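>>> got a predicted model here, sequence first, then my questions.
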Amino acid sequence: DGNTNPGGNVTIIAGGQDATDSNTATGGFVFVTTGKSVTSSSGSFFLKTADAGTRGVTGSINLSTGAATALSSGVINIMTGASSCGASGTINVKAGTSTLGSGGNINLVAGSTSSSTDSDTGGNVTIESGFSTNFDSGRVDIGTVDGGTLGHSGQMQLSTGESSSETSGEIKMYTGKADK
């Protein structure tokens, strides 16, 4: 109909707290929980942007904590629940496919710092398999997939960053100790 105005927004904001003399006077929480079933599965939770129109891109999903001026900023925890009988849930992180352009990237980047204190380093990236009390721990598989009919398979690069005042970082590869 020629209307160029955007669709309406939905904003959910918990209550604020303006007390300046208390470290425990936090702002309100926001809880969104699916329904419980006594005998079957609990409800699923879907967070999705709508499909794009013929001339646009789909909307983004931004999950972030607020900034902090005196203490650490908040943590983002993404985890599945524990299971007492079956396997615990899987976390899948997958970028989208494309028919005409490149597939989406997955970027894992730790936080940086501008602190002048020696002990304040950039953030770490830790990838670790699961622990087993009685049997094998989990594997860590890192690899590229096979190339297409007209292309190469992807490269794997393992490198440290450069250093202008000290030695550059080490690359260490070792196996764990065995008692038998």
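Looks like it arrived, so ask away. Numbering: from 1, shown residues only.
>>> so for the protein, the centremost residue is which one?
Ile78 (7.1 Å; C-alpha atoms, centre = their mean).
>>> list the residues that contact that residue.
Ile91 (C-beta atoms under 8 Å, 6 or more residues apart in numbering). The way it works is simple: take the backbone N, C-alpha and C, and place the C-beta from them, glycine included.
>>> tell me the SS of it?
coil (DSSP: H, G, I helix; E, B strand; the rest coil).
>>> where does this structure dip in pLDDT?
Residue ranges of the chain with pLDDT under 70: 1-3, 21-23.
>>> what about the residue lying closest to Gly111 once chain neighbours are set aside, distance to Ser73?
Nearest residue to Gly111 in three dimensions, chain neighbours excluded: Gly123, at 4.0 Å (C-beta to C-beta, 6 or more residues apart in numbering). In this view, Gly123 and Ser73 are 12 Å apart by C-beta to C-beta, to the nearest Å.
>>> one more: Gly122?
15 Å.
>>> and if you look at Val10?
In terms of C-beta to C-beta, Val10 sits 25 Å off from Ser73.
>>> same drill for these two, tell me which one is more crowded.
Ser73 (12 against 5; other C-beta atoms under 10 Å).
>>> which residues does Gly147 contact?
Ser153, Gly154.
>>> swap in 7 Å and give it another go.
Ser153 (C-beta atoms under 7 Å, 6 or more residues apart in numbering).
>>> and Asp18, how many neighbours?
Residues contacting Asp18 under the criterion other C-beta under 10 Å number 6.
>>> next: Thr99.
Counted with other C-beta under 10 Å, Thr99 comes out at 4.
>>> all numbers from here: first residue = 18
Renumbered: residue one is now 18, and that last one reads Thr116.
>>> and it, what element?
Counting by DSSP states H and E, Thr116 is held by no secondary-structure element, helix or strand.
>>> give me the nearest residue to Leu125, chain neighbours excluded.
For Leu125, ignoring the flanking residues on the chain, the nearest one in space by C-beta to C-beta, 6+ apart is Val142 at 5.9 Å.
>>> now do Gly33
Gly44 (5.3 Å).
>>> show me what contacts the one you found?
Counting by C-beta under 7 Å, 6+ apart, Gly44 has contacts Ala31, Gly32, Gly33, Gln34.
>>> Thr130: neighbour count?
Counted with other C-beta under 10 Å, residues neighbouring Thr130 total 10.
>>> list the contacts for it?
Asp137, Gly139 are the contacts of Thr130 under C-beta under 7 Å, 6+ apart.
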